[in-house]
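# here is my input; please provide its structure:
(chains A and B)
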Amino acid sequence: MDFSSVLSGFAVAFEWQNILFCLLGVTVGMLIGVLPGLGPAATIAILLPITYNLEPTAAVIMLAGIFYGAQYGGTITSVLLKLPGEASTVVTALDGHALARQGQAGPALGIAAIASFIGGTASIILLSFIAPALAGVALAFGPAEYTVLALIGIFLVGTLGNGSIIKSAAAAAAGLLLATVGLDPLLGTPRFTFGTDQLADGIDFTIVAMGLFGVGEILYNLEHRDRPQTAVPSFGRAIPGRLHWLKSRLAILRGSVTGFILGILPGGGATMASLVAYAVEKRTAKDPSRFGKGAIEGVAGPESANNAAATSSFIPLLTLGIPANATMAVLFGALMLQGITPGPGLMTDHPDVFWGVVNSMYLGNLLLLVLSIPLIGLFVRMLKVRPGILAPITVVITMIGTYSIRNNAFDMLLVIGLGLLGYGMRKLGFEPGPFVLAFVLGSLLEASFRRSMRIFGGDVSEFVQRPVSGTLVAILVLTVVVVPLLRKVRTRQTENAEQAGVTAD
Amino acid sequence: MQHPLPRRGLLAGLAALPPLAALSACQVQGGADEANATFPTRAVDFWVPFDAGGSGDLISRAIAKAAEKPLGQSLPVTNKPGANGAVGLKELLAGKSDGYTISLAVKSLFAIGPLVVDDPDAVVIEDLRIITTLTNEGYVLVVHGDSPYQTLDDLLKADKVNFGTTGVGTGSQLSAGLLFGIAGVEATDVPFDGGGPTVTALLGQDIDAASLSLAETMPHIEAGDMRPLCVFSEERSVFLDNVPTALELNYNILVDQRRFIVVPADTPDEVVGVLTLAFEEAREGSEYGQFLADNFMERWEVDGMEAELHLAEATEQFAAQIAESGVELGSAE
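Presented below is the predicted three-dimensional model:
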């Protein structure tokens, strides 16, 4: 690594106009992150024309700021309103919203902000030192590896639920079914599209999440309008206490590493990262039953993971020219319009852009942390607004956000339909979490599996023969079969031992 | 001289129109049709029926920016993605035909789409009017830089080939499918979700070859990570003049992607005239020219009639070649 270009990148990042654009970017990002449905990809597309006359570095610093700023903002609605705007914040909503209901919204959001800051910053440091070496990781993941990864993810979805396993599985199965809507990924045959082009590309994740979580939750709450609301006693301070910090610090550490590694993978990296981080916290916890009912680690782990992943998702874009997600695709476009081609040549041809943007992220994350703390105090007051007033406003904002995804009115009808489904599920005790995550992983699993089978000529054993997918298969077997079996054996042994002890007495 | 500014714009626009059209427009203008005569009096919406960030989005933004000055109005770009452009174009056709909404469109939707799915409601070019043509983007067949296949001949001698495509019904699938079909190679197509994932799979050597656009491959070809074997254009690409065409190697395959701007077919002639003139001027802009060069796109600048003829011929030619080579684009696995 050429150290002088890293240092001159700092000089670029700290030019006053670049600091200004960074601040502008993260502020806009955080605000649109708070607005449900309005995602960073749509926002960056809207703001593209503004960047035409900017310096390339300043333009990308601002647009990148919108992207990771939105990750901070998205957490706020996940926790306060149970409205995850991105697949990667779905798991945060589980324990985050439970905490908010207990009057712990402040500490939950505070820990989320700190976790995001640490996850983001750790990821930038790792990116600076090993980005070029890690470009290969993205390439080591082909269809076979994604197949096994998605399979692991779907098994992890099972660990999310609290209630009945059968209901979780049913919800997940429905999610998998919904994922098949659209043109067949390999043959182009329309499936469940009812003859309309509107469904040809399948249903956007945001629409599913907005409908099932957001609108469904709102309908459910409105039904209980007449009953006295369980008043939220206090919001707690935005600066989390010592106990919260002690509980979360290891979760943050583990989440950062998980997020960084999985974030490099184009397609689904951030979602998998938050899911894996949550599962790890739940598995390693002394009392897993706390999860889903307001465990602070369930917020800290996934939040540090998804922010670390957001940062490391820049790696494939900047080193290979491969956009890892929709937002990266728009950033790719922004660079191209500036006459800069993201890809193998970027680091040598435009080191000022590469390092300027990377180093601006340190500042951006710091600015976000500083912005978050006072804003959290402001946002938690949303909970004080009567549901009768808050609900319609939320629905209107959700609709605007939904429209902005494809500028398509049909999608707004879809959200309403899915909202009714979410309400029905809620009434019958089905959880939307497994549904939504299975929906995301389902498309990945199906397309990857069928691609693999074509590449392998129908030979399933190749999944085990390839080094990376073989390792993943081993991890899958270990976590899904071996560990639960061992656990069962051990509990039986202890039971036997106890019984033996009892009879001996 | 009540409206000095719009009128001046109008006169300038009419001056360049064929005399007969100008004459008829003048006669109308004195009467009730003042609204059309002063077109445009407000911003013209430029729709991109594709996702933000892709080639179609980028070229739209470049040409929309260049057209602002000649048109005298701004052209805000809106993405209306879905079904390779069909969703956006159907919405365009459902709206007003007043020229205040225009859209990008691509050749593959009209020339390849009907060969993949038999959709009675498909958008047909007869419902639209081409106001200007923009680009011709060639496809290049690439293998990994470390691949043992040095030439197209080597690749076609292989026992078995897995090739990636950017999706069902794309030029990427058609060009490579026809090549392997005509050459009689045992080849399996592996459709990915767009160019990015296909590039990733090729760089990761999950697939042996892929036919991709120049914009998607040139940075990797320059870096030595990909090796071009042939292009599917009529003549060698100006950006890859040492790479043979499939034609030179005796494979009669011509596949490319072309982009153009459309309005509904019943849009008034005067309005189309104003738009056409504005975009003709926009295409001359130096920034737009630089954008094309940076993105390895070649110009395709013909009039609307010729463009429609080209689309019709391409569809027939593709259908004949598919039938001849026995290639399956969609359906049976």
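# CA only for contacts and neighbour counts going forward, please
Fine.
# in the stretch 151-300 of chain B, which residue sits nearest chain A?
In the stretch 151-300 of chain B, the residue that lies nearest chain A is B:G204 (4.5 Å; Cα to the nearest Cα).
# quick one: that residue and A:F141 touch, right?
Yes - counting by Cα atoms under 8 Å, B:G204 does reach A:F141; the two are 7.4 Å apart.
# residue contacts, A:L363?
Counting by Cα atoms under 8 Å, 6 or more residues apart in numbering or on different chains, A:L363 touches A:I19, A:C22.
# could you do A:G345 as well?
Listed by Cα under 8 Å, 6+ apart, the contact set of A:G345 reads A:T319, B:P219, B:A223.
# what does A:K427 give?
A:Y220.
# any idea how far it is from chain B?
Using Cα to the nearest Cα, to the nearest Å, one obtains 34 Å as the distance from A:K427 to chain B.
# likewise A:L346?
10 Å.
# that residue and A:I315 touch, don't they?
No - using Cα under 8 Å, A:L346 makes no contact with A:I315, being 11.5 Å away.
# if you count surrounding residues, which of those two has more?
Ranked by neighbour count (other Cα atoms under 10 Å in any protein chain shown), A:L346 and A:I315 place A:I315 first, with 27 against 20.
# can you tell me how far that one is from B:G54?
19 Å (Cα to Cα, to the nearest Å).
# one more: A:G202?
19 Å.
# which one's more surrounded, these two?
Between A:G202 and B:G54, counted using other Cα under 10 Å, A:G202 has the larger neighbour count: 22 against 17.
# pLDDT at the residue in the stretch 51-200 of chain B that chain A sits nearest to, what is it?
Closest to chain A within the stretch 51-200 of chain B is B:G53: 4.0 Å, counting by Cα to the nearest Cα. On pLDDT, B:G53 comes in at 80.
# how about A:A409?
91.
# same question for B:H3.
pLDDT, read off for B:H3, is 46.
# re the thing from before, from A:T311, how far out is the closest residue to the residue of the stretch 151-300 of chain B closest to chain A other than its chain neighbours?
Among residues not flanking B:G204 along the chain, A:L139 sits closest, at 4.5 Å (Cα to Cα, 6 or more residues apart in numbering or on different chains). Going from A:L139 to A:T311 by Cα to Cα gives 18 Å.
# who's more crowded, the two?
A:T311 (27 against 21).
# for the more buried one, give me its contacts.
Neighbouring residues of A:T311 by Cα under 8 Å, 6+ apart: A:Y68, A:G120, A:S123, A:I124, A:F260, A:G263.
# most neighbours among those residues, please name it.
Busiest of the contacts of A:T311 [other Cα under 10 Å] is A:G263, holding 32 neighbours.
# can you pull the contacts of that one?
A:G269, A:A270, A:A273, A:N306, A:A308, A:A309, A:A310, A:T311, A:S312, A:S313.
# hmm, try it at 10 Å
A:123, A:138, A:257, A:269-274, A:305-316, A:324 (Cα atoms under 10 Å, 6 or more residues apart in numbering or on different chains).
# need the overlap of contacts for A:L346 and A:I315.
A:G321.
# for the stretch 251-400 of chain A, list the residues in contact with chain B, please.
Residues of the stretch 251-400 of chain A lying close to chain B (Cα under 10 Å from any Cα of the partner chain) are A:266-267, A:316, A:320-324, A:326-346.
# which of those count as buried?
A:266-267, A:316, A:320-324, A:326-338, A:340-346 (16 or more other Cα atoms under 10 Å in any protein chain shown).
# strands - which of the residues you listed land there?
Among those, no member is found in strands (DSSP state E).
# from A:T271, how far out is the most centrally placed residue in chain A?
Nearest to the geometric centre of chain A sits A:S88, at 1.0 Å (Cα atoms, centre = their mean). Separation of A:S88 from A:T271 (Cα to Cα): 4 Å.
# now for the two: what residues contact both?
Shared contacts of A:S88 and A:T271, defined by Cα under 10 Å, 6+ apart, are found at A:P302, A:A305, A:N306, A:A309, A:L437.
# pull up the per-residue confidence for the last one.
The predicted local distance difference test score for A:L437 is 85.
# kindly export stretch A:455-470 (C-alpha atoms) in PDB.
What follows is stretch A:455-470, C-alpha atoms only, in PDB (Å, rounded to 0.1, in the frame of the first residue of the first chain):
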ATOM      1  CA  ILE A 455     -22.700 -24.800 -14.000                       C
ATOM      2  CA  PHE A 456     -22.200 -28.200 -12.400                       C
ATOM      3  CA  GLY A 457     -24.200 -30.000 -15.000                       C
ATOM      4  CA  GLY A 458     -26.500 -31.300 -12.400                       C
ATOM      5  CA  ASP A 459     -23.900 -32.700 -10.000                       C
ATOM      6  CA  VAL A 460     -24.800 -31.800  -6.500                       C
ATOM      7  CA  SER A 461     -21.500 -33.100  -5.000                       C
ATOM      8  CA  GLU A 462     -19.700 -30.100  -6.400                       C
ATOM      9  CA  PHE A 463     -21.100 -28.000  -3.600                       C
ATOM     10  CA  VAL A 464     -18.800 -30.000  -1.200                       C
ATOM     11  CA  GLN A 465     -15.800 -30.200  -3.600                       C
ATOM     12  CA  ARG A 466     -15.300 -26.400  -4.000                       C
ATOM     13  CA  PRO A 467     -13.200 -25.100  -1.200                       C
ATOM     14  CA  VAL A 468     -15.300 -22.100  -0.100                       C
ATOM     15  CA  SER A 469     -18.700 -23.700  -0.600                       C
ATOM     16  CA  GLY A 470     -17.400 -26.900   1.000                       C
END
